[in-house]
Structure formats: structure tokens, C-alpha cells
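Novice: Okay, here's the prediction I keep looking at, along with the sequence it came from:
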Amino acid sequence: MTTAALGAIGRPVLEAVAAVGRVALFAGAILGHILRPPFYFREFGTSLLQIGWFSLPVVGLTAIFTGGALALQIYAGGSRFNAEAVVPSIVAIGMTRELGPVLGGLMVAARVASSIAAEIGTMKVTEQIDALVTLSTNPLKYLAVPRVLAATLAMPVLVATGDAIGIMGGWLVGITRLDFNSAAYIKNTVDFLEPWDVGSGLVKGAVFGFIVALMGCYHGMNSARGAQGVGRATKSAVVSASILILAANYVLTEVFFTS
């Protein structure tokens, strides 16, 4: 009974460690191919458009409503301590440090990781990846590297855009619902927002973009055959990307803001 109990505990642990190792090796292989020719600029450009430009609407809508809701919540909480004046600064810091990168990363994970996993998984099921190998084309180099590089470069731009829109959402709520003076609101935002507040969010965005594309490519490449396999790969890509984004956010926050 003791052996069976230990085995029941040990098997999932070993499987989890093996999965982490496979993902790490996959990420290392992608990083090793980034600077090696050939370079597929057309695939990179298409991925940049799909991941960056087409994700702007969902990131922008998420940011503006988040900024507005954040302003309302901070005002409601601050009013208990006669600290309503902190709304502009807290909205700006909260959006740039945490909410902008994290919510933007989660929304992009839902949209992009699933799309990448479904696309590559379908290519595997229909043997298009085998055809690439037959044509002496490295599937990792052709399919994964452009998407990972595009997501890593596009995500900081999305985060910066989301930060600006989220702060604007807080400003709109502040001047229309909370009776703030527009000039005073903007002045408080500028005075209390430091460059590293914005910079740390952009670094987080790059890391989150790498995670999103990496999980999409990994689960797509390792998809099982058939429609159910592609569905499981898509679900696993979104779940794993979301969890890793939240875990990476904690680690980066610990590194950036803990003295």
C-alpha cells in the first residue's frame, strides 16, 4: 500500500518535471535558431500583423474598461480615508506596472496562443509539417521562430498602447463621474509616474509575448492526431500560457520592486 501511494504521488510529479524539461528544450531550440539563417521574413511579417495589429482592439477595450473601473474602485476606497486625490497616480501606476501587462498578456494568450496551437496542430494532422521536412525545411525554424519573435516584439507595443488607453479610461471616469479637474488629473498622473513604472511593464510584456507564442507553438507541434488532439492542444496552450504569465508576473515583480 505504501509503494502504491508513493507511486500515485510520484508519477504526476515526474510527468510534470518531464513536461517542464520538454518545454525548456523546445524554448532553447527556438532561441538557438533565432539568429541562424535562413530568415523567413514573410512569415515574420504575417505573424507580426496577426499578433500585434489584430490584437489592438481587444487589448484597447480591455484597458479602457479596466482603467475606468480602477478609478471608481480607488475613489470608493480612498474616500474612506479622505484620500480621493490619489486616484490619478494609483490608476497610472497600477495600469503600467501590473494591470496593463497582465491583462494584455492574458487577452493575447486567449486570442493568439489558441490560434497558433490550432493552426500548427492542424498542419500536423494534415501532414503539412511532414511535407516541410520533405522539402528540407526545418518546421521549428519556419513555423515557431517567426511567431515567437513577432510576439516578443509586438507585445511591448500592445502593453504601451494598453497603458495609455487605460490611463485615458481612468481620466474619462475621473472628469465625468468623479468631478476631477482635467488639468489637475493629468498633472498628478505625470508627476507621480516614473520611467521605470512604464519600463517594467514593457519588459513584462516582452516576456509574456514570448510565453504566449512559445506555448502555442509547443502544444501545436506536440498535438495528437485528429480533431480531438487539436482541440486539446488549443485548450492546453491557453491554460498553460495564462498560468505561466501569472507566475512570471510574480517573479518579475519580485525582481523589479523588492529591494
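Specialist: On my side now, so go ahead.
Novice: Helix or strand: which one has the spatially most central residue of the chain?
Specialist: Nearest residue to the geometric centre of the chain (CA atoms, centre = their mean): Gly105, 2.6 Å. According to DSSP states H and E, Gly105 maps onto helix 100-108.
Novice: what does that helix contact?
Specialist: 51, 55, 58-59, 62-63, 66, 151, 155, 158-159, 162-163, 166, 201-202, 204-205, 208-209, 211-212, 242, 245-246, 249 (CB atoms under 8 Å, 6 or more residues apart in numbering). Glycine gets a C-beta too; all of them are placed from N, C-alpha and C.
Novice: got the contact list for the residue lying closest to Leu70 once chain neighbours are set aside?
Specialist: Closest residue to Leu70 apart from its sequence neighbours, by CB to CB, 6 or more residues apart in numbering: Val91 at 5.3 Å. Residues counted as contacts of Val91 (CB under 8 Å, 6+ apart) are Gly67, Leu70, Ala71, Ile74, Gly166, Ile167, Gly170, Gly174, Thr189.
Novice: Redo those residues as JSON lines? Include neighbour count.
Specialist: Shown next, in JSON lines, are the contacts of Val91 (neighbours: other CB atoms under 10 Å):
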{"residue": "Gly67", "neighbour count": "29"}
{"residue": "Leu70", "neighbour count": "22"}
{"residue": "Ala71", "neighbour count": "27"}
{"residue": "Ile74", "neighbour count": "22"}
{"residue": "Gly166", "neighbour count": "31"}
{"residue": "Ile167", "neighbour count": "27"}
{"residue": "Gly170", "neighbour count": "30"}
{"residue": "Gly174", "neighbour count": "28"}
{"residue": "Thr189", "neighbour count": "20"}
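Novice: Give me the subset of these lying in helices.
Specialist: Mapping those onto helices (DSSP state H) picks out Gly67, Leu70, Ala71, Ile74, Gly166, Ile167, Gly170, Gly174, Thr189.
Novice: Check the gap between the fourth one and Gly67 for me.
Specialist: Same thing as Ile74. 11 Å (CB to CB, to the nearest Å).
Novice: One more: the fifth one?
Specialist: Separation of Gly166 from Gly67 (CB to CB) stands at 3 Å.
Novice: Overlap in contacts, those two.
Specialist: Common contact partners of Gly166 and Gly67 (CB under 8 Å, 6+ apart): Val91, Met95.
Novice: show me where the stretch 1-150 of the chain has helices.
Specialist: 2-33, 41-51, 56-78, 87-94, 100-108, 114-125, 128-134, 139, 145-176 (DSSP state H, counting those that start in this stretch).
Novice: CA-only coordinates of the third one, as CSV, when you get a sec.
Specialist: To tie it back to what came earlier, the one meant is helix 56-78. The C-alpha trace of helix 56-78 is given here as CSV (Å, rounded to 0.1, in the frame of the first residue of the first chain):
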residue,chain,number,x,y,z
LEU,A,56,-5.1,46.0,-30.7
PRO,A,57,-9.0,46.1,-30.4
VAL,A,58,-9.3,43.5,-27.7
VAL,A,59,-6.3,45.0,-25.7
GLY,A,60,-7.7,48.5,-26.1
LEU,A,61,-11.2,47.6,-25.0
THR,A,62,-9.9,45.6,-22.0
ALA,A,63,-7.6,48.5,-21.0
ILE,A,64,-10.2,51.3,-21.2
PHE,A,65,-12.8,49.5,-19.1
THR,A,66,-10.1,48.3,-16.6
GLY,A,67,-8.8,51.9,-16.2
GLY,A,68,-12.3,53.2,-15.6
ALA,A,69,-13.2,50.5,-13.1
LEU,A,70,-9.9,51.0,-11.3
ALA,A,71,-10.6,54.7,-10.9
LEU,A,72,-14.0,54.0,-9.5
GLN,A,73,-12.7,51.4,-7.0
ILE,A,74,-9.8,53.6,-5.9
TYR,A,75,-12.0,56.6,-5.4
ALA,A,76,-14.5,54.5,-3.4
GLY,A,77,-11.8,53.1,-1.2
GLY,A,78,-9.9,56.3,-0.8
